[in-house]
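Trainee: dropping a prediction and its sequence here:
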Amino acid sequence: MLNYYTKKATMQNHFKTNQPGMKKRLILGLLAVGILGFAIQSCTKDYFDFDKMKDPDWTPEYALPIGHARIEVEDFLDRFNDDSIVKIGPDSLLVLQYFRDIFTQNIEGKITLGDQNGIPAPYVIDANDAANYDPISNGLVSSRSVNAPFGVNNGEQLSSIEFKAGVLTLTYQNTISAPCGSTISIPNLVDGNGTPFSRTVTPPAPANMSQPSLFPGGPVDLTGYTLLLNQGPNGFNDLNVMVSVQVQTGGLANIGEAFRWTIDINGMQWSTLNGTFPNLAIQLPEPPLLDEKVRMRIFENSISGDVHYEDPKLIAFFENTFGLGVNVTFNKLQAQPSAGGSPVNITANPGGIGSGLTITIPKSTTPGQPSFSAFGDSAANSNIPTIIDLEPTHIIYNSTVSSAPGGVGTDFITDQSYLKLSVLAELPFHGTAQDFTTADTFSFAVPDSATIAQNDQSYIKQIVIRLVIDNGFPAEGYVQADFGVYDSISGNITPITTLFEGQTNKQIFASGKLTGDHVEIPSGVVQSIVDIPITREKLEMLRDAKVDRMVLKTELDTYNNGQQVVKVFADSYILLHVGLRVEVAPFEAANP
């Protein structure tokens, strides 16, 4: 039994020779590579019926029908890479959708709460208190509210804070001559059970109170507490404290004497802030980086050619979990052409995305529930057709995110808030391709001499692979395979020989026949028959050179050498028949 070739193809997509680099990639090129790649991967019994390979005019010494496959649109949908996917549009036109996340910016570290130290909350005896004090029977019981500002770092106007960490510490000093107790409460600071914060202390008369004393209950862990800051005169950043005194009998209550509380709040971490954030600004990417580049993989593995899309679109999707609207200003939005040179600005009218434009993203109305919005660039409002024709390898951006406040107390931010930008490029299979060439690298193994010989009675003179292709796509394909040896140190491949010697490439299939701008199925299907010879001498040369890589180069032209705009619809297909002819000679002829 002939055991000629064992294929173990692994897409490398990083062939390194003296080529100028993996520069361009276009959807129609992806179509050709996808079809050819699928055909290569499909040569197994799972895809072929062995009785369907028939050609009565081809009568070699050994004719082996390898198989048959019908490759339709459904066979290569979703097959390109993790970022791109082929969909069928509402008019049955094929569309490549390339989706990339550009950035996700969370709020971590952008709003911090500074320590609040030395907040005074005194109760000072005034003239009314002195007059009402009964040193014999009733003493004095009285309360007084104190409003203190809650300090912020960047102009935030806070109406409430939900804490996930923090420590509140109380100290007090009593200078009232009579024995006196005091209660301090922060009615708008409540724990997870809804209980307002309150502490009481009954110190002795002030004989030993020349220095402040730490509250005997110790610091208070604020985890799970909520603090309202909108109950004071400003409506924001107001800390309300209630202080009461219980002056006992048997002493004096002189004007100016006081029971003085001091509040310290340290190590605050928040889970939710409510209020207004007028000065929130985030630079993307973060300093010291000047710009960020986002890789566009669909345009990376072609090496030459011209392509054009008739109606490409670039759509920006924003996902916002901030409870405030945000303005996104694209200080820079550029595309790096695959051919090199300077980046090109992406420009658009208002309503699209482009360099210098600011767009406003709606707020989330419920914590944890994002708002979604989209902004699109098309031929009608931007230069996106020109940008896509450049087949950019990277999108370069620099942007600033700033708040778009909705009014005092109307916004919120959680510690999980984020703003996410994703971009969808829609590239319809509607356009042209001329001399569009891609290159992909495969591992390759050559059989040893024992498998080249057959039963020690005869030897292989030549193997001929026959392809019979019925093409219903409006494009013709050319192929060349270069064989070489991979250098693991340099990462380069040293070329040894080619499959079609003396030719730049070989036509594998002709274009389907057009009706208008597309191929009618089945009347426009065109059949091509191609023989690919491989001699014993070439096999032995590949074996002796220890060839371990094959670089498959595919060139694509749409109908009429890429001069006519075409469309590819969902009913397009390629019907592929593969056969093998083996020419043998007596073993003695090779070893006289």
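Mentor: Happy to help now that I have it.

Trainee: remind me which residues of the stretch 401-550 of the chain are low pLDDT?
Mentor: 405-409, 446-460 (pLDDT under 70).

Trainee: again with the chain
Mentor: 1-84, 204-211, 297-305, 405-409, 446-460, 584-592.

Trainee: all helices of it, in order?
Mentor: With DSSP state H as the criterion, the chain has helices at 27-41, 73-76, 127-132, 384-389, 449-452, 536-544, 559-562, 587-590.

Trainee: what's near enough to touch the residue nearest the centre of the chain?
Mentor: Per C-alpha atoms, centre = their mean, the C-alpha nearest to the average position across the chain is that of D101, at 2.3 Å. With contacts defined as C-beta atoms under 8 Å, 6 or more residues apart in numbering, D101 is in contact with K420, L421, S422. Yep, even glycine has a C-beta here, placed from its N, CA and C like the rest.

Trainee: any chance of these in JSON lines with neighbour count and distance to D311 as columns?
Mentor: Written out in JSON lines, the entries for the contacts of D101 read as follows (neighbours: other C-beta atoms under 10 Å; distance: C-beta to C-beta, whole Å):
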{"residue": "K420", "neighbour count": "17", "distance to D311": "27"}
{"residue": "L421", "neighbour count": "23", "distance to D311": "23"}
{"residue": "S422", "neighbour count": "16", "distance to D311": "21"}
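
Trainee: for R295, state which of those is nearest.
Mentor: Closest approach between the contacts of D101 and R295, by C-beta to C-beta: S422, at 14.3 Å.

Trainee: what's across from that closest one in the sheet?
Mentor: D101, F317 (DSSP bridges).

Trainee: how much space is there between it and S402?
Mentor: According to C-beta to C-beta, to the nearest Å, S422 stands 20 Å off from S402.

Trainee: ok, now P392?
Mentor: 27 Å.

Trainee: cool, and A510?
Mentor: 57 Å.

Trainee: buried residues in stretch 537-556?
Mentor: Applying a neighbour-count criterion of 16 or more other C-beta atoms under 10 Å, the buried positions in stretch 537-556 are 538-539, 542-543, 547-556.

Trainee: just put those in JSON lines and tack on distance to T169.
Mentor: What follows is those, written out as JSON lines (distance: C-beta to C-beta, whole Å):
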{"residue": "K538", "distance to T169": "86"}
{"residue": "L539", "distance to T169": "85"}
{"residue": "L542", "distance to T169": "80"}
{"residue": "R543", "distance to T169": "82"}
{"residue": "V547", "distance to T169": "76"}
{"residue": "D548", "distance to T169": "71"}
{"residue": "R549", "distance to T169": "70"}
{"residue": "M550", "distance to T169": "73"}
{"residue": "V551", "distance to T169": "71"}
{"residue": "L552", "distance to T169": "72"}
{"residue": "K553", "distance to T169": "73"}
{"residue": "T554", "distance to T169": "73"}
{"residue": "E555", "distance to T169": "76"}
{"residue": "L556", "distance to T169": "74"}
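
Trainee: of all the residues you listed, which two lie farthest apart?
Mentor: R543 and L556 (32.0 Å).

Trainee: what's the end-to-end length of stretch 292-312?
Mentor: Distance across stretch 292-312, first residue to last, is 24 Å (C-alpha to C-alpha, to the nearest Å).

Trainee: what's the neighbour count on the residue nearest to F500 when sequence neighbours are not counted?
Mentor: Ranked by C-beta to C-beta, 6 or more residues apart in numbering and with sequence neighbours excluded, the top spatial neighbour of F500 is K506, at 4.6 Å. One way to gauge burial is a neighbour count; for K506, by other C-beta atoms under 10 Å, it gives 16.

Trainee: is K506 in a bridge, and if so with what?
Mentor: For K506, the beta-bridge partners are V479 (DSSP bridges).

Trainee: I'd say it and Y478 touch.
Mentor: Yes. Under the criterion of C-beta atoms under 8 Å, K506 is in contact with Y478, at a separation of 6.3 Å.

Trainee: if I look at V525, how far off is I88?
Mentor: Distance of V525 to I88, given as C-beta to C-beta: 20 Å.

Trainee: so what's I465 bridging to?
Mentor: Under DSSP bridges, the beta-bridge partners of I465 are I532, L580.

Trainee: which residues does it contact?
Mentor: If you count contacts by C-beta under 8 Å, 6+ apart, I465 has them with D531, I532, I534, V578, G579, L580, R581.

Trainee: ok, the second one - contacts?
Mentor: By that I understand I532. So I532 contacts V464, I465, R466, L467, L499, F500, K506 (C-beta under 8 Å, 6+ apart).

Trainee: recalculate using a threshold of 10 Å.
Mentor: Taking C-beta atoms under 10 Å, 6 or more residues apart in numbering as the criterion, I532 is in contact with I463, V464, I465, R466, L467, V479, A481, L499, F500, K506, I508.

Trainee: same question, the first one
Mentor: Applying C-beta under 10 Å, 6+ apart to D531 gives the contacts W58, V464, I465, R466, L467, G579, R581.

Trainee: how many neighbouring residues does V519 have?
Mentor: As a burial measure, V519 scores 28 neighbours (other C-beta under 10 Å).

Trainee: excluding its backbone neighbours, what's nearest it?
Mentor: Setting aside the residues directly before and after it, V519 is nearest to G512 in space (C-beta to C-beta, 6+ apart), at 3.6 Å.

Trainee: can you tell me how far that neighbour is from E257?
Mentor: Here G512 is placed at a distance of 102 Å from E257 (C-beta to C-beta).

Trainee: of these two, who's got more company?
Mentor: The residue with more neighbours, out of G512 and E257 and counting by other C-beta under 10 Å, is G512; that gives 28 against 20.

Trainee: I figured V124 was touching R144, is that so?
Mentor: Yes. V124 sits in contact with R144 when judged by C-beta atoms under 10 Å, with a separation of 8.4 Å.

Trainee: for the protein, list the residue farthest from the centre, please.
Mentor: When distances are taken from the C-alpha mean of the chain, I136 lies farthest, 77.2 Å away, according to C-alpha atoms, centre = their mean.
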